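Engineer: Here is the input, now give the coordinates:
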Amino acid sequence: MTGLQIGYAAMLERFAPAEAVALAAHAEAHGFSGVMASDHFQPWVPAQGESSFVWSVLGAMGERTRGALGTGVTTPGYRMHPATVAQASATLAALNPGRHWLGIGSGDALNEHVVGGYWPEAPDRINRMFEAVDVIKKLFSASAAGRDVKHTGQYFRLESTRLWTMPEVAPPIYVATAGPITAKRAGKTVDGLITSGAPREKLEHLLSRFAGGARESGRNADTLPKVLQLHLSWAPSDEEATANALREWPNGGMRFAGSDIRSPFEFDQIARMVRPADFEGRMLISSDPDAHRAHIQSFLDLGFDTVHLHNVGRNQREWIEVFGRDVLPKLRR
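Structural biologist: Numbers count the residues shown, from 1 in each chain. Have a look, this model is predicted:
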């Protein structure tokens, strides 16, 4: 992944798997580069209506597209042991050489509590995530060298084993973060950073902390991928764009961390309180493609080299075609 990449964010909690695959192919045909697919067990709110298995869908997307493929993001250690995530990632990379990156996050109760385990506080989830990364990295490196590996840690155990299906080059690992401490740890330990759209000052701080961590590990952050997932609402009129945001993506207007909410129906109750003003500063709602172009460009100017776009409306094909014609060609890094 070199140079500027404007990819398609495939929100699998909103579109049936076959439709998501077709939309990814449609996006690539109109100038989008690469796919970030969400990993959900449940949708945020019932109206979104889907939640297919990300690894199955990414496998199908690999057959229909030619760009990069990644999880945005998966959480090892609750629904799936890190070894299982490593196996899924290595298999996808073997099928799609040089195309797959592994995006990892600390998780939300909405998706991870379903297996009935204790749902920990945020610091514990972050520590658990980084240990999971360590397990996956050990499996990748040992398996590539034809060796077994084992792990005994605070959160995970791995008996002596290896991945028997392994690509020639292991997938790069990116960690998702919205906080400076995690950003610095990511800079020290993984291959890239993922975050979501936020105010400029917050993102500048995250990138600075990521760069600091990279320097401490003897690396240059300028050479490490910095990935942004950007939610937006575009439609032919401002009124329709606003209605789409309220109906399809009310979670984008919720001004609190929702990582401890366990049910789409709980989110739905809270979503009824979301008003158009709640999206201000969090998600651009506009019918003007040039307003969206300027908004996206502002993040590229901050230093992000990859931006995956998610339009919250059901008007995916129309949006892809408009942005492919009027927005993407005007973006510069």
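
Engineer: now the helices for the stretch 101-250 of the chain?
Structural biologist: Here the stretch 101-250 of the chain has its helices, by DSSP state H, counting those that start in this stretch, at 109-112, 122-144, 180-189, 200-216, 238-248.

Engineer: Can you spell out which helices and strands pack onto the last one?
Structural biologist: In terms of contact count using 3 or more CB pairs under 8 Å, 6 or more residues apart in numbering; DSSP states H and E, helix 238-248 is assigned the packing partners strand 226-233, strand 284-285. (Glycine included, C-beta is placed from N, CA and C.)

Engineer: I'd like those strands laid out as JSON lines, including distance to Val322 and mean neighbour count.
Structural biologist: Formatted as JSON lines, those follow (distance: least, CB to CB, whole Å; neighbours: other CB atoms under 10 Å):
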{"stretch": "strand 226-233", "distance to Val322": "12", "mean neighbour count": "24"}
{"stretch": "strand 284-285", "distance to Val322": "15", "mean neighbour count": "23"}
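
Engineer: Put together a markdown table for these, with mean pLDDT and distance to Gly258 on each row.
Structural biologist: Converted to a markdown table, these look like this (pLDDT from 0 to 100; distance: least, CB to CB, whole Å):
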| stretch | mean pLDDT | distance to Gly258 |
| --- | --- | --- |
| strand 226-233 | 98 | 14 |
| strand 284-285 | 98 | 20 |
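
Engineer: so can I have a markdown table of those showing distance to Glu321?
Structural biologist: Shown next, in a markdown table, are those (distance: least, CB to CB, whole Å):
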| stretch | distance to Glu321 |
| --- | --- |
| strand 226-233 | 15 |
| strand 284-285 | 19 |
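
Engineer: returning to what we had before: output the helices of the stretch 101-250 of the chain in JSON lines, with distance to Leu228 appended to each entry.
Structural biologist: Converted to JSON lines, the helices of the stretch 101-250 of the chain look like this (distance: least, CB to CB, whole Å):
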{"stretch": "helix 109-112", "distance to Leu228": "21"}
{"stretch": "helix 122-144", "distance to Leu228": "19"}
{"stretch": "helix 180-189", "distance to Leu228": "13"}
{"stretch": "helix 200-216", "distance to Leu228": "8"}
{"stretch": "helix 238-248", "distance to Leu228": "19"}
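
Engineer: picking up where we left off before, among the helices and strands packed on helix 238-248, which comes closest to Val307?
Structural biologist: With CB to CB as the measure, strand 226-233 is the member of the helices and strands packed on helix 238-248 nearest Val307 (4.8 Å).

Engineer: what's next to the closest one, contact-wise?
Structural biologist: Here strand 226-233 makes contact (CB atoms under 8 Å, 6 or more residues apart in numbering) with 9, 36, 72, 103, 174, 192-197, 203, 207, 210, 241-242, 244-245, 249, 252, 279, 283-286, 292, 295-296, 299, 303-313.

Engineer: repeat that with 7 Å
Structural biologist: 9, 36, 72, 174, 192-197, 207, 241, 244-245, 249, 252, 283-285, 292, 296, 299, 303-313 (CB atoms under 7 Å, 6 or more residues apart in numbering).

Engineer: go on, stretch 93-101?
Structural biologist: Contacts to stretch 93-101, defined as CB under 7 Å, 6+ apart, come from residues 1, 59, 62, 67-70, 89, 92, 165-169, 171-172, 174.

Engineer: if you set the cut-off to 10 Å instead, what comes out?
Structural biologist: The contact list for stretch 93-101 (CB atoms under 10 Å, 6 or more residues apart in numbering) reads 1, 34-36, 58-59, 61-63, 65-72, 89-92, 102, 140, 163, 165-174, 191-192, 194, 225, 227, 306.
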